[in-house]
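Student: Could you look at this predicted model? Sequence included:
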Amino acid sequence: MNAERQVGISEVHPWIRFWARSFDLLLVAIPVAVAWWFWFPPAEITWFEVMLFGMAVLFFDLLIEPVLISRLATTPGKWVFSIRVINPDGSLLSFEQALRRSDMVWAKGLGAGTPLVGQFLMAAQHYELSANAKTFWDEEGGFEVEHREIRGARVIGAIAIAVMVLLAAGLTLAAV
């Protein structure tokens with residue numbers, strides 16, 4: 001392993017990983033929300049619909065993330081925060097590896113979006129990552145998560161994209 005990867009791997013960044021996943025989920029949530037409210041316009045939004053919506057977003061992310069990780073070693077959110085998921089030898093994960101990792105994150109890290117269970121599991125994995133420098137799914141799969149220097153321009157670009165996406169979604173939903 002080269003020295004740059006060694007330095008990147010040894011650092012632990014639970015909150016940066018959280019914000020990267022949050023950005024990815026935002027990008028998935030917007031088209032899901034537009035489709036959801038277009039086909040099923042609610043007269044009144046209930047907590048149950050909000051819970052189902054969150055679960056749907058996580059499910060669609062489960063379908064998208066493995067493709068990106070296996071092809072690029074990153075997702076849009078991970079790219080913004082300079083995170084890559086790779087094998088210990090530096091190679092890309094296979095689609096099967098990436099799917100298994102995403103499935104473990106979905107089930108054991110996010111509780112499939114189940115209220116309270118998901119929050120408990122996220123807190124447990126934050127502790128695990130902080131204490132042992134690896135999450136359960138990365139340890140189990142033998143994956144390495146590289147954290148490189150975060151470039152300010154990427155974060156500013158991501159904020160601009162998030163604002164534009166939210167504005168576009170708001171305008172679309174207002175028109176429906």
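Tutor: Here it is on my side, so go on.
Student: So which residues of this protein form strands?
Tutor: Taking DSSP state E as the criterion, the chain carries its strands at 83-86, 144-147.
Student: Lowest average pLDDT across those strands?
Tutor: Across those, strand 144-147 has the smallest mean pLDDT, namely a mean of 92.
Student: who touches it?
Tutor: By C-beta atoms under 8 Å, 6 or more residues apart in numbering, the residues outside strand 144-147 that reach it are 5, 8-9, 11, 13, 16-17, 81-88, 138. (Glycine included, C-beta is placed from N, CA and C.)
Student: What is the burial count for the residue lying closest to Ser22 once chain neighbours are set aside?
Tutor: Spatial nearest neighbour of Ser22, chain neighbours left out: Gly77 (7.0 Å); criterion: C-beta to C-beta, 6 or more residues apart in numbering. Using other C-beta atoms under 10 Å, Gly77 is surrounded by 22 other residues.
Student: for the one 10 residues further on, same thing?
Tutor: Number of residues near Asn87 (other C-beta under 10 Å) recorded here: 15.
Student: residues contacting it?
Tutor: Leu93, Gln97, Gly142, Phe143, Glu144.
Student: on that earlier part again, go ahead and confirm the residue nearest to Ser22 touches Val28.
Tutor: No: counting by C-beta atoms under 8 Å, Gly77 sits too far from Val28 to count as a contact (10.1 Å).
Student: Buried ones only from the contacts of Asn87, please, as a ChimeraX command.
Tutor: In ChimeraX, the members of the contacts of Asn87 classed as buried (16 or more other C-beta atoms under 10 Å) are selected with the following command:
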select :93,97,143,144
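Student: Most widely separated two among the contacts of Asn87?
Tutor: The most widely separated members of the contacts of Asn87, counting by C-beta to C-beta, are Gln97 and Glu144 (11.9 Å).
Student: Alright, calling it a day.
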